[in-house]
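Asker: let's see this in three dimensions:
(chains A and B)
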Amino acid sequence: MVIYDSAKKTKVPFVPIRENEASIYVCGPTVYDDAHLGHARSALSFDLLVRTLKVLDYKVKLVKNFTDVDDKIINKMNETGQSLADITNHFIERYLYEMDCLGVLRGDIEPKATENIQQMSNMIQNLIDKESAYLTPSGDVYFDTSKDSHYGSISHKVTEDEENQSRINHNSEKQNPKDFAMWKACSKDDSVCFDSPFSRGRPGWHIECSAMIDRYFDGDENYHIDIHAGGVDLLFPHHENEAAQSRCATGKEIAKYWMHNGFVQIAGDKMSKSLGNSFFLKDALKIYDAEVLRFYLISIHYRNDFNFVEEDLLSAKKRLDKLYRLKKRVALGKASIPNKDFKQSLLDAMSDDLNISVALSVIDEMIASTNEELDKNPKNKVLKKETIANIELIGQLLGVGGKEPYSYFQIGIDDEVKSKIEALLSKRDKAKKSKDFETSDSIRDELNAMDIAIMDTADGTIWEKI
RNA sequence: GGAGCUAUCGCCAAGUGGUAAGGCCGCAGCCUGCAAAGCUGCUAUCGCCGGUUCAAAUCCGGCUAGCUCCUCCA
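Answerer: Numbering: from 1, shown residues only, chains lettered A, B, ... in the order given. Sure, this is the predicted structure:
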């Protein structure tokens, strides 16, 4: 396995802390709003990583967090009058449901920030004791970036003159503009406060990941975990700051490897809260089939920008359709084992920093060559069994193709429409048998008008929802 | 203002030194009563300029365009 390490800015061989094991932490969402396509893409990117490692026989430990205490959530409380727990539980539930729809494997642990206040507080106190952090008169605690000689080693964003060039005006009680809050003291009217040795307040954003990783992973003397993952936007400052905290608190690097997924764009623009062009997953799932959406979102390499275009989604669907049509052809029978060359090529592709484009081309070629062989010899049972195994492997690795193939082509068709289709087909069949092609063709036109495609096969006529 | 990424066929997109994978669309053929599905064949010299090299889409420099980060963000 080779992965692109965004801290080293190059592809590197993946050599885990412990042989044949992989410890992975993925930065999850701040749960104050519905998840959008960007959240889906991030989750899906690292879902492919986890699936690939599992197929390669790594024992994977995956932790994905929820940031459930944050200024944005508090703003939402003030807007809606709901409690923190009401808001966060609602969005966590929605998030998990939507990710389940997309076939994203659950984390082994999915901790919330609020379940780790004690751990955060301990780590902050530790950093204060080591003079890597300082408490201000108002009760805030800042990390002192000048105490970390490796600050900037992850994102490479910190330059000598950045503090002067940044567009942001730094005020506050920071000793250094690069310093960041680990703990924010609450004011009197704040409703979300936790006790700590330094002040009543709430944790900053970065500290939760450091604390959770310390809590949930063992690591070794050099690193806490193998892979730390998230969206590119988190590279700086979030991951830089996490790394600094963990480094100074524990003397270990937080992660051996860093992976960051690219952004989803809508019409060429970044999708963001501030632009108000978010495409929420709940809306996307109303329009598109979840599996098709998954297939589309994973079909572009995770580090590239992803420009969401409906036309492209539809062409992705056509590509997935071909897999299911092949599945129809081989549906009867048990799986044997995947074709050796196919499996090797597929794993080689995914092992190269999740090269999905090559993986998909390997699959397309498998589909074409299998169809060709089945055209010549429709009863090739050995091939059929092998193909079933091939498709199962695709399912494990990419999380697509697992549905029963006929039902895949009937999504969105209710029983009423279904019986109407079947009645029309039976009528057409009679007309065809009596060579009344005018009638049979007009029935076909009628079905086409209903977005139903039909195909006559040796075993009778089958239909698909287009 | 600073830092970085990207630029390959109509569209999506692989490919980090040796003469351009794959998918969608299109065209032709096979199959079909006709279709559909499936199969076969056909369609690019890689943003622009210059350099290095026997050889570059691939390395270097410049330019142009788009995007991202430096602020909450996946």
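
Asker: partner residues bridging whichever residue of chain A sits closest to RNA strand B?
Answerer: Residue nearest to RNA strand B within chain A: A:G231 (1.8 Å; CB to the nearest atom of the strand). Heads up, the C-betas are built off the backbone N, CA and C, glycines and all. Beta-bridge pairing of A:G231 under DSSP bridges involves A:N261.

Asker: pretty sure it contacts A:H260?
Answerer: Yes. If you go by CB atoms under 8 Å, A:G231 and A:H260 touch, sitting 6.4 Å apart.

Asker: between the two, point out the one with more neighbours.
Answerer: A:H260 (23 against 20; other CB atoms under 10 Å).

Asker: what score does that one have for pLDDT?
Answerer: If you check A:H260, the pLDDT there is 95.

Asker: so who does it touch?
Answerer: A:S6, A:A229, A:G230, A:G231, A:V232, A:L234, A:L235, A:R303 (CB atoms under 8 Å, 6 or more residues apart in numbering).

Asker: same thing but 6 Å
Answerer: Contacts for A:H260 (CB atoms under 6 Å, 6 or more residues apart in numbering) come out as A:S6, A:V232, A:L235.

Asker: okay, now the closest residue to the last one other than its chain neighbours: neighbour count?
Answerer: This points to A:L235. Leaving aside its sequence neighbours, A:L235 sits nearest to A:S155 (CB to CB, 6 or more residues apart in numbering; 4.8 Å). Applying other CB under 10 Å, we find 20 residues neighbouring A:S155.

Asker: and for A:E404?
Answerer: Neighbour count of A:E404, defined by other CB under 10 Å: 12.

Asker: that one and A:S419, how far apart?
Answerer: Distance of A:E404 to A:S419, given as CB to CB, to the nearest Å: 19 Å.

Asker: before we move on, back to that, out of the contacts of A:H260, the closest to A:S351 would be?
Answerer: Nearest to A:S351 among these, counting by CB to CB, is A:S6 at 18.2 Å.

Asker: surely the closest one meets A:W258?
Answerer: Yes. Using CB atoms under 6 Å, A:S6 makes contact with A:W258 at a distance of 4.7 Å.

Asker: tell me the secondary structure of the residue nearest the centre of chain A, please.
Answerer: Centroid-nearest residue in chain A: A:A43, 1.4 Å away (criterion: CA atoms, centre = their mean). Assigned with DSSP: H, G, I helix; E, B strand; the rest coil, A:A43 falls in the helix class.

Asker: count the neighbours of the nearest residue to it once chain neighbours are set aside for me.
Answerer: Excluding its sequence neighbours, the residue lying closest to A:A43 (CB to CB, 6+ apart) is A:V104, at 4.7 Å. Number of residues near A:V104 (other CB under 10 Å) recorded here: 23.

Asker: doesn't A:K385 fall inside a helix?
Answerer: Yes. Under three-state DSSP, A:K385 falls within a helix.

Asker: quick one: contacts for A:C193?
Answerer: Here A:C193 is in contact with A:C186, A:R200 (CB under 6 Å, 6+ apart).
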